[in-house]
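Chemist: Next comes the sequence, and after it the predicted model I'd like to discuss.
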Amino acid sequence: MSQDNNIVGPAGTGGGQTLRLALPKGRMQDGILVLLADAGIRVTPTARGYRPVVSLPDCEAKILKHQNIVEMLELGSRDVGFAGADWVQELDADIVELVDTGLDPVSVVAAAPTGLFDRLDEVGRPLVVASEYETLTRAWIARRGLDAEFVRSFGATEVFPPEDADVIVDNTATGSTLRANDLEIVDTVITSSTRLYASPQAMDNENKRERIEDLRLLLTSVLDARKRVMIEVNAPEDRLNDVVSLLPCMREATVSPLYGDSGYSVKAAVLRNKLPEIVPAIKAAGGTDVVVTSISQIVP
């Protein structure tokens, strides 16, 4: 396809059947690149730093801030992309959520100097609430019934109190930055993570929708595999049912006879966090030669 055919207009025109992928810049990017790589999708940097090469047929990618990814998906100039759920809600974007990757989990919280909310009656004036999230913050102020004024921040929101704001609404993963600035969390506004979204226009296009669904399948197969491990165990015939009953697998355990009719080999994909319970129980039930291995992908 010629370069001219890949030109995309602001209304989402052009590009033919080329799938237009948006990748986030900044802290989100590392986890997404690993997820794509685990799904067999290579993202290779180029001299045009914001336009890497992606090893998907007829796909072109661009790196954008996640706020802009949300806007471009809604406009239709990007077909599919990764963004934080917090900015989808903040921008009230009409886009299609496909996969919650669970990556970069954060909470958008309201925070204030310690003890402020215990003495609101003493403030004697409208509170000043600073945030990058205007929509979410104004909605939170209304829900709490606060007498407050909103001030937009442009980064480093945590340094506003106490001189320039009474309260902030900001995202946090651990709360450590807030504590370092002598702030306490007084409310959780929303929780968020990195998710895969598609534009409604792309989902209305049969060819692109099929390819987007293929991408969703690949990513979901990796995310599901990260939660599970493959466990293999040998069991004598008289203990087989006891061993199989201990394996909470996806469907049914795979059972194969061992050489010389000396018992059975049992294999199942089990939840990783259940291993501390499962492995001792298997041994107690008569299972032997337990082997646990990682799984790369699971496609039901």
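Modeler: Arrived safely, thanks for sending.
Chemist: Count the residues that sit near the spatially closest residue to Val189 that is not a sequence neighbour.
Modeler: Nearest residue to Val189, sequence neighbours excluded (C-beta to C-beta, 6 or more residues apart in numbering): Val108, at 4.4 Å. Using the backbone N, CA and C atoms, a C-beta is placed for each residue, glycine as well. Close neighbours of Val108, defined as other C-beta atoms under 10 Å, add up to 26.
Chemist: pretty sure Val108 is touching Ile185, no?
Modeler: No. Contact criterion C-beta atoms under 8 Å: Val108 and Ile185 do not qualify, at 10.6 Å.
Chemist: So the residue located most distally from the centre of the chain, which state does it fall into?
Modeler: Centroid-distance maximum for the chain: Gly260 at 48.2 Å, with C-alpha atoms, centre = their mean. Following DSSP: H, G, I helix; E, B strand; the rest coil, Gly260 is assigned to helix.
Chemist: chain center to stretch 197-206: distance?
Modeler: Mean-position distance between stretch 197-206 and its chain equals 20 Å (C-alpha atoms, centre = their mean, to the nearest Å).
Chemist: Then stretch 59-69?
Modeler: 16 Å.
Chemist: Convert the C-alpha atoms of that stretch to PDB, please.
Modeler: Output of stretch 59-69 as PDB, limited to C-alpha atoms (Å, rounded to 0.1, in the frame of the first residue of the first chain):
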ATOM      1  CA  CYS A  59      -0.900  -2.500  10.700                       C
ATOM      2  CA  GLU A  60       0.600   0.800  11.400                       C
ATOM      3  CA  ALA A  61       1.300   2.100  14.900                       C
ATOM      4  CA  LYS A  62       1.700   5.500  16.600                       C
ATOM      5  CA  ILE A  63       2.800   6.400  20.100                       C
ATOM      6  CA  LEU A  64       0.600   8.900  21.800                       C
ATOM      7  CA  LYS A  65      -0.200  10.200  25.300                       C
ATOM      8  CA  HIS A  66      -3.100   8.000  26.700                       C
ATOM      9  CA  GLN A  67      -5.400  11.100  26.900                       C
ATOM     10  CA  ASN A  68      -4.900  11.600  23.200                       C
ATOM     11  CA  ILE A  69      -5.400   7.900  22.500                       C
END
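Chemist: what comes up buried for it?
Modeler: Cys59, Glu60, Ala61, Lys62, Ile63, Leu64, His66, Gln67, Asn68, Ile69 (16 or more other C-beta atoms under 10 Å).
Chemist: SS state for the spatially closest residue to Arg144 that is not a sequence neighbour?
Modeler: For Arg144, ignoring the flanking residues on the chain, the nearest one in space by C-beta to C-beta, 6+ apart is Asp187 at 7.2 Å. Following three-state DSSP, Asp187 is assigned to strand.
Chemist: mind checking how far Asp187 is from Gly155?
Modeler: 22 Å (C-beta to C-beta, to the nearest Å).
Chemist: more neighbours, those two?
Modeler: Shown here are Asp187 and Gly155; by other C-beta under 10 Å, Asp187 has more neighbours (15 against 8).
Chemist: I figured the more buried one hits Trp140, correct?
Modeler: Yes. Counting by C-beta under 8 Å, Asp187 touches Trp140, with 7.1 Å between them.
Chemist: For the residue farthest from the centre of the chain, which residues are in contact?
Modeler: Gly260 makes contact with no residue under the criterion C-beta atoms under 8 Å, 6 or more residues apart in numbering.
Chemist: any idea how far it lies from Arg209?
Modeler: According to C-beta to C-beta, Gly260 stands 53 Å off from Arg209.
Chemist: Please apply the same query to Ala47.
Modeler: Note on Ala47: its distance to Arg209, by C-beta to C-beta, is 33 Å.
Chemist: Check Asp170 too.
Modeler: 36 Å.
Chemist: what do you get for Asp261?
Modeler: 51 Å.
Chemist: got it, and Leu219?
Modeler: 16 Å.
Chemist: quick one, which of the two is more surrounded?
Modeler: Set Leu219 next to Arg209 and count neighbours by other C-beta under 10 Å: Leu219 wins out with 22 against 15.
Chemist: Isn't that one up against Leu196?
Modeler: Yes. Contact criterion C-beta under 8 Å: Leu219 and Leu196 qualify, at 6.4 Å.
Chemist: In this structure Ala148 contacts Ala130, no?
Modeler: No. Using C-beta under 8 Å, Ala148 is not in contact with Ala130, being 10.5 Å away.
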